[in-house]
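Engineer: Show me how the following folds:
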Amino acid sequence: MGMTTERFFFLFTVVALFLRSISAADNTNLVYKGCADQKLQDPSGIYSQNLKALLASLVAQSGQKAFSTTTSGDGQNAIIGLYQCRGDLSNSDCYKCVSRIPDMLDKLCGKVVAARVQVGGCYLRYEIVGFKQVPETQLLYKTCGSIQASGSGFDDRRDTAFGMVENGVKSSGSLFYTGSYQSLYVLGQCEGDLANNDCGDCMKSAEEQAKAQCGYSISAQIYLHKCYISYSFYPNGVPTVQHSSGTGQHTERTVAIAVGGFAALGFLIVCLLFVKSALKKRGGKY
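Structural biologist: Numbers count the residues shown, from 1 in each chain. Predicted coordinates for the structure are as follows:
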């Protein structure tokens, strides 16, 4: 019987680690990269030194707060950078997310004068002083679901959900909002240095881009320079878990847990069948 107990707890641990890996992978999967065409001219190595210090500082700060901006170096050699984590991540998850990006920057962009990497749970960008800025509402990346809404009423439902996001980010201290309306899950976030009204204007631009770029797709992600919005329609209702706060808000983490849970359930069933088979061979009881 002792061997049976050990086997059970071993399999239980494997399933738990499997679930955690799904969540972690979701947060650090690459969404998009933006690399400047101009290489970093650095014969003295000062830029590389400043960039290394900048990234180390941003990673260190990510364990304490969801957004931070900093500068490394002086004068024309200075480099400005920032990171932001999704508003529903804990400080530890934020740190795990941001700490992955420096290596990704080097592999994806090399040494360039400006770069940005967006993963599922966070993004980080930097630029040398004097680099040309793009407008706050510049479209950086979009992805539209392949399935189109059928029947009438989807656009009204989406407009209502968008209105919830627009008002939500403006009234939120973290410039982050997530919720659902009639099976439509929606999430929006602005960069942490925007004023509330500017955040609302940016989100409105993202909503207009979502309509123009993705039409009647039942899911989309729209990333502008200073904000982003995503939505997904779930015909059977948005997957959710109970929170003690009772806010009724749904987060990407909730959806990821639900999807990961289904995958893990299949894995768990296989494990239980294996245990059952092993017990039968030993003449034990299930």
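
Engineer: now the strands for the chain?
Structural biologist: 30-35, 67-72, 79-85, 114-119, 122-128, 139-144, 176-181, 184-190, 219-224, 227-233 (DSSP state E).

Engineer: what would the ones you listed look like in JSON lines with distance to residue 91?
Structural biologist: Yep, even glycine has a C-beta here, placed from its N, CA and C like the rest. Formatted as JSON lines, these follow (distance: least, Cβ to Cβ, whole Å):
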{"stretch": "strand 30-35", "distance to residue 91": "21"}
{"stretch": "strand 67-72", "distance to residue 91": "12"}
{"stretch": "strand 79-85", "distance to residue 91": "9"}
{"stretch": "strand 114-119", "distance to residue 91": "17"}
{"stretch": "strand 122-128", "distance to residue 91": "12"}
{"stretch": "strand 139-144", "distance to residue 91": "26"}
{"stretch": "strand 176-181", "distance to residue 91": "15"}
{"stretch": "strand 184-190", "distance to residue 91": "17"}
{"stretch": "strand 219-224", "distance to residue 91": "24"}
{"stretch": "strand 227-233", "distance to residue 91": "21"}
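
Engineer: For residue 196, which of the ones you listed is the nearest?
Structural biologist: strand 184-190 (8.7 Å; Cβ to Cβ).

Engineer: strands paired with the closest one, and their directions?
Structural biologist: Paired neighbours of strand 184-190 in the sheet (DSSP bridges): strand 176-181 (antiparallel), strand 227-233 (antiparallel).

Engineer: Need the CA coordinates for the last one. PDB is fine.
Structural biologist: As requested, the backbone C-alpha atoms of strand 227-233 are provided in PDB (Å, rounded to 0.1, in the frame of the first residue of the first chain):
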ATOM      1  CA  CYS A 227      -2.400  50.700 -25.100                       C
ATOM      2  CA  TYR A 228      -4.000  47.400 -26.200                       C
ATOM      3  CA  ILE A 229      -7.300  45.700 -26.200                       C
ATOM      4  CA  SER A 230      -8.400  42.100 -26.700                       C
ATOM      5  CA  TYR A 231     -11.700  40.300 -26.800                       C
ATOM      6  CA  SER A 232     -13.000  36.800 -27.200                       C
ATOM      7  CA  PHE A 233     -16.500  35.500 -27.700                       C
END
